[in-house]
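Visitor: No letters, just coordinates:
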């Protein structure tokens, strides 16, 4: 049966390339999106349908390189089954991954304990992670009930500036990062903020001055830096 128009699929990905897994251990720059589950004050959290665990249902899109546009789905655990505090291994792994994502996105070394670094690891809500860009290390999750299947890709870890390949993969430090610190109002989500490169001198955080009346725009680029990078 003929039609009045055609559909050209020459630009579609080759099927084999579409289904091949990205090799475990590959480093990629990704942008994270959270699929809201309707649970929690902001509705970002997803509740398991069959048990107690809660998690963030995330999708990470590879931004460049040979795997550009590939989508990686990862559940970031927030609360496990029956576990609480130090005993909650599922939730602890998820919180560790979130810390790594913030350190990767904001150029903070894992061992940095300065006020600047501590402030950069604080968020006003899970929505601050929606749209964040970072370097991720690819892993492969396998279904225990189907051991013969190849499994699927997931984000195994976030890579920070202390990794030798961080700068090469990240390219430039992302400019979109919602920062929050106790006692400060979090900037609107998605607002462009100039993020400084990793702080090699471990400079301490200096509390910002109290708000004053609006003044004429300044040309000093340092005034645009977030509080933890000044």
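Guide: Great, that's in hand. The shown structure was predicted, so the numbers you read here are calculated from the model rather than taken from an experiment.

Visitor: Could you measure from residue 59 over to residue 105?
Guide: From residue 59 across to residue 105, the span is 16 Å (CB to CB, to the nearest Å). All C-beta spots, glycine's among them, are computed from the backbone N, C-alpha and C.

Visitor: more neighbours, those two?
Guide: residue 105 (24 against 14; other CB atoms under 10 Å).

Visitor: A helix includes the more buried one, no?
Guide: Yes: per DSSP: H, G, I helix; E, B strand; the rest coil, residue 105 lies within a helix segment.

Visitor: partner residues bridging the closest residue to it other than its chain neighbours?
Guide: Distances taken as CB to CB, 6 or more residues apart in numbering place residue 134 nearest to residue 105, at 4.3 Å, with adjacent residues excluded. Per DSSP bridges, residues listed as beta-bridge partners of residue 134: residue 30.

Visitor: OK, contacts around residue 134?
Guide: By CB atoms under 8 Å, 6 or more residues apart in numbering, the contact set of residue 134 is 29, 30, 32, 100, 101, 104, 105, 158, 159, 170, 174.

Visitor: The second one and residue 90: what is the separation?
Guide: When distances are taken as CB to CB, residue 30 and residue 90 turn out to be 22 Å apart.

Visitor: Between those two, point out the one with more neighbours.
Guide: residue 30 (28 against 19).

Visitor: separation between the more buried one and residue 82?
Guide: Distance from residue 30 to residue 82, by CB to CB: 32 Å.

Visitor: before we move on, what about residue 34?
Guide: In terms of CB to CB, residue 34 sits 25 Å off from residue 82.

Visitor: Residue 105 now?
Guide: Relative to residue 82, and taking CB to CB, residue 105 is found at 32 Å.

Visitor: Residue 13 now?
Guide: Counting by CB to CB - residue 13 and residue 82 are separated by 42 Å.

Visitor: same check, this time on residue 22
Guide: Distance of residue 22 to residue 82, computed by CB to CB: 33 Å.

Visitor: So which of these two has more stuff around it?
Guide: residue 22 (16 against 11).

Visitor: Can you name the helix or strand that that one falls in?
Guide: Element membership of residue 22, judged by DSSP states H and E, is empty: it is in no helix or strand.

Visitor: Confirm for me that it is in contact with residue 67.
Guide: Yes: counting by CB atoms under 8 Å, residue 67 is a contact partner of residue 22 at 5.3 Å.

Visitor: any residues in contact with both of the two?
Guide: residue 28.

Visitor: now the helices: where do they sit in the protein?
Guide: Applying DSSP state H to the chain gives helices spanning 15-19, 89-106, 115-120, 166-170.

Visitor: Go through these and name the closest to residue 143.
Guide: Across those, the minimum distance to residue 143, taken as CB to CB, is reached by helix 15-19, at 16.0 Å.

Visitor: Strands of the protein, residue ranges please.
Guide: Along the chain, the segments classed as strands by DSSP state E run 27-35, 46-47, 54-62, 71-79, 133-141, 152-159.
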